[in-house]
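**Q** return a 3D structure for these sequence lines:
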Amino acid sequence: MSERKDILLVTGLSGAGKSTVLRTLEDLGWEVVDNLPLLLLDRLLAAPEPEGVQAARPLALGIGAQTRGFDSERIVRRVRQLSEAHGHEVGTLFLDCAGAELERRYSETRRRHPLALDRPAVEGIRRERELLEPLRRFANRLIDTTRLSANELAQQIRATFGQEGQGEPTFSILSFGFARGLPVNADLVFDMRFLRNPHWNQALRPGTGLDADVAAYVQADPAYHAAVDQIESLLKLLLPRYRAEGKSYVTVAFGCTGGRHRSVHVAEAMAARLRAAGFSPTVSHRDLAAAPQDSLEGAPVETVGVGQSS
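**A** You can find the predicted model right below:
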C-alpha cells in the first residue's frame, strides 16, 4: 500500500450533482476517478503519481449504482477497511435530492435514468434510493441538492473542500496592439489609446514600454494615474469573484495601437500593483517584438519633441 492518503467517496442519487462535485474537486487539485470498480482500488492507491504532479494529492472516487460490482454493504466494509487497516483518511459524501426535483431534471434534460432505461424515471429513482440507503446512512457528509443550482453546489464544494492555494485561477496580464487584432482569450480588455502616444516622439519611438523614459512619458499624461488607479480597484474587486465562481483562467488585456509602448507599460505597472496586493499574475507582451510602423499608429495630432505632449 502507498503512503497515507486522504480519500473522499462521492456517491448519491443519479442527477443529484455527482459530476458537478467531481469536476469541482478536480479544479481544486484533487485526483478524481469516477465509477472505478472497487476491485481496482488497491491497484490505484499503490500506483505512483504521474511525473511532475504534486505528491499525495487527495483522491475523490465517484461511486454510483451503475458502478461495476456495486454493492452498498460491501462498499461500506471496504471503506472501513481502508480506514482501519491502511491508515487512509476516508470520508463519504452523499448527494441527495427530492424525487420530484430529480424527475424534473430528467424531464428537462431528456435523459433516461440509468436504472430505468425503458421505464418512467420515478421507478429508477425509487430503486436507486433503496440500493444506496446503506451508503446514505454511513456517509459522514450529506448535501441535499434539491434547491441548489450546479453553480451553487460547486461553490459549496469549494468552500468545504478547498484548501489554501487550491483552486486559484491562472491569472495572466497581456499587452497587445489593436492594429494587429484583439486577443481571442481575453476576459477583460482595457483600451490605453486615450494616453499620449510615445510613437510620435522621435526619441522614444525606438523604445518600448519597458524603458524608463517611455514609462515616464506615459505616466505624465494627466489622465494616467486616475485611470490606472480605477482599473486597479476594479480588478481587486473582480478577481476574487472570478475565483469564487471557480474560473480556472483569467486573462486581463491592455491594448494600444501598436502594442509596443502604452499597453506594455500599463501591463507591467498593473502587474506590479496587483502583486503588491497579493495576486500572482504572469505577464506577456504579444506584439512587443513588432517593428514600429506609422501606418499602424495613424496620423499624429502634432509632431512633438521630448517632454511635449501629443
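
**Q** flag every buried residue along the helix ranked longest in the chain.
**A** The residue-count maximum for a helix in the chain (DSSP state H) belongs to helix 224-244. Residues of helix 224-244 classed as buried by neighbour count (16 or more other C-beta atoms under 10 Å): 224, 227-228, 231-232, 235, 239, 242-243. Every residue, glycine included, has its C-beta placed from N, CA and C.

**Q** do the same with stretch 16-35
**A** Buried residues in stretch 16-35, counted by 16+ other C-beta under 10 Å: 16-18, 20-22, 24-25, 27-32.

**Q** where does the prediction get shaky in this protein?
**A** By pLDDT under 70, the low-scoring segments of the chain are 1-5, 42, 45-56, 85-87, 163-168, 292-310.

**Q** against residue 60, how distant is the spatially most central residue of it?
**A** Taking C-alpha atoms, centre = their mean, the centroid of the chain lies closest to residue 248, which sits 1.7 Å from it. Residue 248 sits 17 Å away from residue 60, going by C-beta to C-beta, to the nearest Å.

**Q** equivalent analysis for residue 88, please.
**A** Taking C-beta to C-beta, one finds residue 88 at 13 Å from residue 60.

**Q** again with residue 78
**A** Per C-beta to C-beta, residue 78 is found 16 Å from residue 60.

**Q** cool, residue 70 as well?
**A** Distance from residue 70 to residue 60, by C-beta to C-beta: 17 Å.

**Q** could you do residue 96 as well?
**A** From residue 96 to residue 60 the distance is 18 Å (C-beta to C-beta).

**Q** more neighbours: these two, which one.
**A** Neighbour comparison, residue 96 and residue 60: the larger count goes to residue 60, with 25 against 18 (by other C-beta atoms under 10 Å).

**Q** dump the helix or strand harbouring residue 153 to PDB, restricted to CA.
**A** Using DSSP states H and E, residue 153 maps to helix 150-161. Extracted in PDB, the C-alpha atoms of helix 150-161 (Å, rounded to 0.1, in the frame of the first residue of the first chain):
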ATOM      1  CA  ALA A 150     -25.000  23.500 -10.300                       C
ATOM      2  CA  ASN A 151     -23.100  26.700  -9.600                       C
ATOM      3  CA  GLU A 152     -24.300  26.900  -6.000                       C
ATOM      4  CA  LEU A 153     -23.300  23.300  -5.400                       C
ATOM      5  CA  ALA A 154     -19.900  23.900  -6.900                       C
ATOM      6  CA  GLN A 155     -19.400  27.000  -4.600                       C
ATOM      7  CA  GLN A 156     -20.400  24.800  -1.600                       C
ATOM      8  CA  ILE A 157     -17.800  22.200  -2.500                       C
ATOM      9  CA  ARG A 158     -15.100  24.800  -3.000                       C
ATOM     10  CA  ALA A 159     -15.900  26.300   0.400                       C
ATOM     11  CA  THR A 160     -15.900  22.900   2.100                       C
ATOM     12  CA  PHE A 161     -13.000  21.100   0.500                       C
END
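
**Q** from the contact counts, what lies against it?
**A** If contacts are counted by 3 or more C-beta pairs under 8 Å, 6 or more residues apart in numbering; DSSP states H and E, helix 150-161 sits against helix 18-27, strand 141-144.

**Q** before we move on, back to that, give me the angle between the helix or strand following the longest helix of the chain and helix 224-244.
**A** With elements assigned by DSSP H and E, the helix or strand that comes after helix 224-244 is strand 249-256. Orientation of strand 249-256 against helix 224-244 (axes from the mean of the first three to the mean of the last three C-alpha atoms, to 10 degrees) gives an angle of 160 degrees.

**Q** next secondary structure after strand 249-256?
**A** helix 262-276.

**Q** tell me which helix or strand comes right after that next one.
**A** strand 282-285.

**Q** what comes up buried for that next one?
**A** Under 16+ other C-beta under 10 Å, the buried positions of strand 282-285 are 283, 285.

**Q** check stretch 70-78 too.
**A** For stretch 70-78, by 16+ other C-beta under 10 Å, it's 70, 72, 75-76, 78.

**Q** make a markdown table from those residues and add secondary structure to it.
**A** Formatted as a markdown table, the buried residues of stretch 70-78 follow (DSSP: H, G, I helix; E, B strand; the rest coil):
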| residue | secondary structure |
| --- | --- |
| 70 | coil |
| 72 | helix |
| 75 | helix |
| 76 | helix |
| 78 | helix |
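
**Q** that'll do, ta.
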